[in-house]
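predicted model, plus sequence, below.
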Amino acid sequence: MTAYDRLRFGGPTVRETWVDAPRREFLTPAPPVWPLLTERLTLRPFEIGDAAAFVDAWASEEWTSLLLSRPMNPAEVAELVRRRTDPGDGEFIGLAVVHDGQVVGDSMLHLQGTGLSEGEIGWTILPQHAARGFATEAARAVLRLGFEHYGLRRVVANLDARNDRSAALCERLGMRRETHRLGDFWSKGAWTDSFEYALLADEWRAW
Ligand SMILES: CC(C)(COP(=O)(O)OP(=O)(O)OC[C@H]1O[C@@H](n2cnc3c(N)ncnc32)[C@H](O)[C@@H]1OP(=O)(O)O)[C@@H](O)C(=O)NCCC(=O)NCCS
């Protein structure tokens, strides 16, 4: 249908009704009901005011050393949080992890692949809240979101191969180390190795 035909006949066309609209609906992920609740945590979309909680951690060379991003100043952190408050096309889900009313970290799920059937999971926990199992508890909720709400078939985590705590977290979650890539991660001026961990929906159910 040309633009002129559309003017004459109006729309929607048969193709738009029966092909394009269902395809768009199928590929546009519907958000779940927020927040996600776990035993100790609340996972909710970011709010602008969350930036303050992340400023010190993101300024730290040590805390950011195994992340792809370099340290960030407060303005950059504010911008990062602002971008995460934008739901966009719904394929990137960035969540603040809250315990007792305090932001303790964040979790993300990035929907990918054909028909958005795969997801990449990510996490950070602020240093003062580490080693209390918060990252594990939050990640389990995000995996459940991926497999049960979004119907994902496979979820992966990519990490710097030197990130022992992140690898331990993957193992606690029942993820398998599928790939060890040599020198493919450009981080802080050097090429480093990376791991990809993965979990299939069937494995998650069995777990
Ligand atoms: C990667 C990262 C999120 C892991 O955080 P973490 O604190 O190790 O993970 P958890 O919050 O799940 O805590 C697990 C620890 O708490 C302990 N723990 C205490 N109470 C617990 C509970 N109720 N449930 C589960 N674990 C508990 C566990 O035994 C474990 O301790 P261990 O490491 O000595 O075995 C964190 O190191 C981080 O944010 N690093 C900087 C950013 C980063 O690298 N992000 C990842 C990029 S890939």
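Here it is on my side, so go on.

hmm, who's touching stretch 171-181?
With Cβ atoms under 8 Å, 6 or more residues apart in numbering as the contact definition, stretch 171-181 has outside contacts at 136, 139-140, 143, 155-157, 161, 167, 170, 193-199, 203-204, 207. Heads up, the C-betas are built off the backbone N, CA and C, glycines and all.

can we see that at 6 Å?
136, 139, 194, 195, 196, 197, 198, 199, 207 (Cβ atoms under 6 Å, 6 or more residues apart in numbering).

does any part of it sit near the ligand?
No. Using Cβ under 6 Å from any ligand atom, stretch 171-181 stays clear of the ligand, coming no nearer than 6.8 Å.

which residues of the chain lie near the ligand?
63, 66-67, 123-125, 130-136, 159, 163, 165-166, 168-169.

could you list the domains of this structure?
The chain resolves into domains spanning 1-30, 33-206 when parsed by automatic domain parsing.

tally of neighbours for the one residue in the chain that gets nearest to the ligand?
As assessed by Cβ to the nearest ligand atom, the ligand sits closest to residue 133 within the chain, at 2.4 Å. Using other Cβ atoms under 10 Å, residue 133 has 14 neighbouring residues.

and what of residue 23?
11.

cool, and the one 10 residues further on?
The number of residues packed near residue 33 is 6, by other Cβ under 10 Å.

that one: what secondary structure?
Here residue 33 is coil, with the state taken from DSSP: H, G, I helix; E, B strand; the rest coil.
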